[in-house]
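Colleague: Predicted structure and sequence below. I'll ask about it afterward.
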Amino acid sequence: NAGVTQTPKFQVLKTGQSMTLQCAQDMNHNSMYWYRQDPGMGLRLIYYSASEGTTDKGEVPNGYNVSRLNKREFSLRLESAAPSQTSVYFCASRDTGAPNQPQHFGDGTRLSIL
Amino acid sequence: KQEVTQIPAALSVPEGENLVLNCSFTDSAIYNLQWFRQDPGKGLTSLLLIQSSQREQTSGRLNASLDKSSGRSTLYIAASQPGDSATYLCAGGPVGDAGNMLTFGGGTRLMVKP
């Protein structure tokens, strides 16, 4: 089972460049999430999509946009990358058909912005 | 705003030892409390999820407890093995958000020495 797949796994950008991180899940989950993980800061929620067609801001949404393309795919876009956005980005999904289901995570995208 | 703290940040134990990881949270109105494992360079894997109405959950050598009144959760690992070496994170979600807006602790990095 693939689970949650993130592409690319690594990326280096220059300040001001734009980029879209891709995420796809094959578990037929309704909800999808984007997090960033930074040393000393833990994981912080950027945006989430509770269901297809909806998106909501998390704790740190500034500088990012998201698109829930369909039930399977949820992308994260950096329009004008800044060094402060250097981080490891994780996508997750969750089955909301039953209560109290855990989130399932991808292996992350390691993004460096010079 | 929910704050989640994990102490210690790092722990090293000899193989076979029983150990306890601690997680504290500031807002007792949580939807559930989750424990995850993260291996280096990988995403998070859900270990245990304790619903707000529950006191504990068990899976194999792992037992997680939840005490909302004191704002604490513990993860007990019995008979630790080198394969248990990883970072363990706890996360809580607020009531009314159905588990979308998880707040993560900074994690405890565990090393089990052969």
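Modeller: Looks like it came in fine.
Colleague: Start and end of stretch B:90-106, how far apart?
Modeller: Terminal residues of stretch B:90-106 are spaced 8 Å apart (CA to CA, to the nearest Å).
Colleague: do that stretch and chain A meet?
Modeller: Yes: figure legend: stretch B:90-106 in contact with chain A (CB under 8 Å from any CB of the partner chain); contacting residues B:Ala91, B:Ala98, B:Gly99, B:Asn100, B:Met101, B:Leu102, B:Phe104, B:Gly105, B:Gly106. Backbone N, C-alpha and C define where each C-beta goes, glycine included.
Colleague: Let's see if you can find the most crowded of those residues.
Modeller: B:Leu102 (32 neighbours; other CB atoms under 10 Å in any protein chain shown).
Colleague: looking at it, that one is touching B:Gln34, isn't it?
Modeller: Yes: here B:Leu102 reaches B:Gln34: they are 7.1 Å apart, a contact under CB atoms under 8 Å.
Colleague: what touches both of these two?
Modeller: A:Gln103, B:Ala91, B:Gly92, B:Gly93 (CB atoms under 8 Å, 6 or more residues apart in numbering or on different chains).
Colleague: Quickly check those for the two that are furthest apart.
Modeller: Maximum pairwise distance among the shared contacts of B:Leu102 and B:Gln34 (CB to CB): 12.7 Å, between A:Gln103 and B:Gly92.
Colleague: anything in contact with each of these two?
Modeller: B:Gln34, B:Leu102.
Colleague: Against chain B, how distant is A:Asp95?
Modeller: Separation of A:Asp95 from chain B (CB to the nearest CB, to the nearest Å): 11 Å.
Colleague: show me the contacts for that residue.
Modeller: A:Met27, A:Asn28, A:His29, A:Asn30, A:Ser31, A:Gln101.
Colleague: Could you tell me the phi and psi values at the closest residue to B:Gly16 other than its chain neighbours?
Modeller: Spatial nearest neighbour of B:Gly16, excluding adjacent residues (CB to CB, 6 or more residues apart in numbering or on different chains): B:Ala79 at 5.9 Å. As for B:Ala79, its main-chain torsions (degrees, to the nearest 10) stand at phi 50, psi 60.
Colleague: pLDDT score for B:Ala79?
Modeller: Here, the pLDDT recorded for B:Ala79 equals 98.
Colleague: Just confirm it contacts B:Arg61, I think it does.
Modeller: Yes: contact criterion CB under 8 Å: B:Ala79 and B:Arg61 qualify, at 6.0 Å.
Colleague: Give me the number of neighbouring residues for A:Ser80.
Modeller: A:Ser80, neighbours per other CB under 10 Å, totals 10.
Colleague: who touches it in this structure?
Modeller: A:Gly16, A:Gln17, A:Ser18, A:Gly63.
Colleague: so what's the residue nearest to B:Gly16 up against?
Modeller: B:Ala79 touches B:Gly16, B:Asn18, B:Arg61, counting by CB under 8 Å, 6+ apart.
Colleague: Pull the number of nearby residues for the first one.
Modeller: The number of residues packed around B:Gly16, counting by other CB under 10 Å, is 11.
Colleague: quick check, it in a strand?
Modeller: No: counting by DSSP: H, G, I helix; E, B strand; the rest coil, B:Gly16 falls outside a strand, being coil.
Colleague: where does the spatially most central residue of chain A land in three-state SS?
Modeller: Residue closest to the average C-alpha location in chain A (CA atoms, centre = their mean): A:Trp34, at 2.7 Å. Here A:Trp34 is recorded as strand under three-state DSSP.
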